[in-house]
Each structure stands twice: as C-alpha cells, then as structure tokens.
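Asker: this is a predicted model, with the sequence first.
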Amino acid sequence: MSTLTTYYGLVEQAKRLDPDGKLSTIVEVLNREMGNILAEAPWLPSNDTWTNKTLRRGTLPTSARRKLNSGVAKSNSRTTEVMDVIEMREVYAEYDKDYIDAFPEPGRARLMEAEAFLEGLGQDLVSDILYCNSHKDPDGMHGLAPRLDTVDGEFVISAGGSSAVTSIFVVTWGANYAHLIYPKNMANLGIKHTDLGEVTITDATTSAPNTSQFQGYRDHFQVKCGLVVRHPKCIGRIANIESSGSSNTFDNNDLVTLLNNMKIDASTRIYCNQTIKTQAEILMLDKSNMYWTSGKDAIGGEPFIAFRGIPVRMIDKDILLNSETAIS
C-alpha cells in the first residue's frame, strides 16, 4: 500500500531535471520532518500562469427505461468551476566570505549554511498547504483546513474537543485527485535557487551612521506552489481532537468512518502530528487491534505505521498544530 505507483514525487523529478544534483539536494532539505508531503505529492504545471482552473463534475446525466415505440427525454451533466492560486515564498541566505572560503569545498559549505533557511522555507510551505486561506490572504494558496472547515459527519468529523485541539488530515494524491501545482512553462518545478555571488553585507548589529560592513556570499531561494483538489472525496479531516486528557482524543471509529466516505487508493496518506501518532502507537500495543500495522516504506526504506494499510505520515506539532481553533 505504501508504494506510489501512479506518479513519481518531487525528489525524483528534481533528479531528472538537474543532472548535477543541486536542485534535488535542495528539494530533499525542504522536505525534512514534514510528513513527506513535498516529496510524495505530485507536482504538476498549472493550466494558467498563476492560477489553475478545475472543472468538477457536479451532476451526472440520468438514463430512463424506454418502451417500444416511445422515446426518452434528453439529459445532461453539469460542472462546477474551482480556481486555485499559486503563492510565492522566498528567502535570502547570507554568509561571511572568509568563513565559507576556509572550507575545502566552499560550494558545499554554502549549502550546509543555507539548510536552516531551506528548512524554514519548507516548514512555511507545508504550513500553508495545511492552513493558508486564500479568501483571507489573496497572496497565499488555499490549504486543506479552510476547505474542510465545517463539520458534516462525512468528510469532516469532529472528535468533540473544544480546546487545545488538533486534526488528522487524509489526502488521496494523484493527477485526478489532489496535487500541488507550479506555474506552467517553468522548467524548475517552481523551485529556484539563484547564486547572487559575493556581496557587501551590513552588520545587523550596527546602525546608521556607524554601520559596519563585510564581504559575504548571498543566495536566493524561491518556491512557487499551489494546492489543487480535483475530486471532492479525496480530502478529509478529523477535527477537534484534544491533544491532552482522556476525553475527546483520537478514536479509531472516526478514522474508519472518514475513510469509508472518501476516495481511497494506493496514494492515500494520513497526516497527523506526534501527539496523535503517539496515541495511535499506544493503540497498537493492544494485540487485538485489527487496524494498525507497522513496516518500512518501499521508497527510501523509512519506517512507518499504517491504518488499514494506509501509511501515516507525521508532521511536527509546530506545523500541524495542537492549538487549532475548534470548528463546528
């Protein structure tokens, strides 16, 4: 169940596009400790430059039984249009030239120094995939939580909590389900690194008119990304899970209900933070449990736990929060 067979992820695409490995290395750093979302979700070009238009099937044509010598009425289908936006996230990294030049491989040393900047950029991007609301912030993508912000008992299920709550998100990834987008005609998958070379840097600890300066290197990192949900049954949420205490915590029954309502296949993933993952692993200690298993992922050999064969990916609680606002 853990193998993604219908597409290859961002790291594999980066390796194909960048033979010297630089882009793929940047992608790998971006994805650390963030549930493998950026690596496992398919990245596809948008059908417009900064937006993507999706036509969803709203209703299906209906048929009728026909009698001999009589006809049937015409029927038709209807569609709804969904517009998704692409956001830009950027960061500049600067380092002292003498510090970098002292290394045997200055280029590798710069990337090592940039890893903290890339890690922060990746965490911000995953946070936006989860929580960003383009209706409130038009410069951002439209994330999972604002699409799943009303309890309906079918695709959004409430665990009943009201404070210190978190969520489980379930996503079925695929070109016809949910996927990430980058601006069309961009050969670098929306991820760009620009080496700005040697520059004069102003010491941040000094102020005008007595500013101090030194020579350094500067790098610019950019990610252009949006989220598309083509099929309404490919995303789901268990909300209002209390992160502490003994009531309104994670319940197997809620996840069974949600999965049975969704579109599930080999590319489905369950996302939670370490608080919920811990609750799930404690449930695994019950030898009579029928739902939880553990194993190693076919891609990279990473250990994982699974619910009904669906891999569970952990996102740090600093990103998938224990302080969500309860929804109703």
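Answerer: Nice, thanks for sending it over.

Asker: name the SS class of residue 84, please.
Answerer: Counting by DSSP: H, G, I helix; E, B strand; the rest coil, the backbone at residue 84 sits in strand.

Asker: just checking: what are the partner strands of the longest strand anywhere in the chain?
Answerer: When the chain is parsed with DSSP state E, its longest strand is strand 213-229. Strand 213-229 has its sheet partners listed here by DSSP bridges as strand 87-96 (antiparallel), strand 178-182 (antiparallel), strand 191-202 (antiparallel).

Asker: using CSV, list the CA coordinates for the first one.
Answerer: Meaning strand 87-96. What follows is strand 87-96 as a C-alpha-only set of coordinates in CSV (Å, rounded to 0.1, in the frame of the first residue of the first chain):
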residue,chain,number,x,y,z
GLU,A,87,1.8,31.5,-3.9
MET,A,88,5.4,32.7,-3.9
ARG,A,89,7.7,32.0,-0.9
GLU,A,90,11.2,33.4,-0.8
VAL,A,91,14.2,33.7,1.5
TYR,A,92,17.7,35.1,1.2
ALA,A,93,20.7,33.5,2.8
GLU,A,94,23.9,35.3,3.6
TYR,A,95,27.3,34.1,5.0
ASP,A,96,30.7,35.6,5.8
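
Asker: and the very next helix or strand once past it, what's buried?
Answerer: From strand 87-96 onward toward the C-terminus, using DSSP states H and E, the following helix or strand is helix 97-101. By neighbour count on 16 or more other Cβ atoms under 10 Å, the buried set for helix 97-101 is 97, 100. C-beta coordinates here come from the backbone N, C-alpha and C atoms, glycine included.

Asker: ok now helix 97-101, how far from the chain's centre?
Answerer: In this view, helix 97-101 has its centroid 36 Å away from the chain centroid, taken as Cα atoms, centre = their mean, to the nearest Å.

Asker: give me the angle between whichever helix or strand comes after that helix and strand 178-182.
Answerer: Going down the chain from helix 97-101, the next helix or strand is helix 106-131, by DSSP H and E. Put simply, helix 106-131 runs at 130 degrees to strand 178-182, going by axes from the mean of the first three to the mean of the last three Cα atoms, to 10 degrees.

Asker: looking at the strands paired with strand 213-229, which is closest to residue 114?
Answerer: Within the strands paired with strand 213-229, the stretch nearest residue 114 is strand 87-96; the backing value is 4.5 Å (Cβ to Cβ).

Asker: returning to what we had before: please identify the most buried of the strands paired with strand 213-229.
Answerer: Scoring those by mean neighbour count under mean count of other Cβ atoms under 10 Å gives strand 178-182 as the most buried, with a mean of 23.
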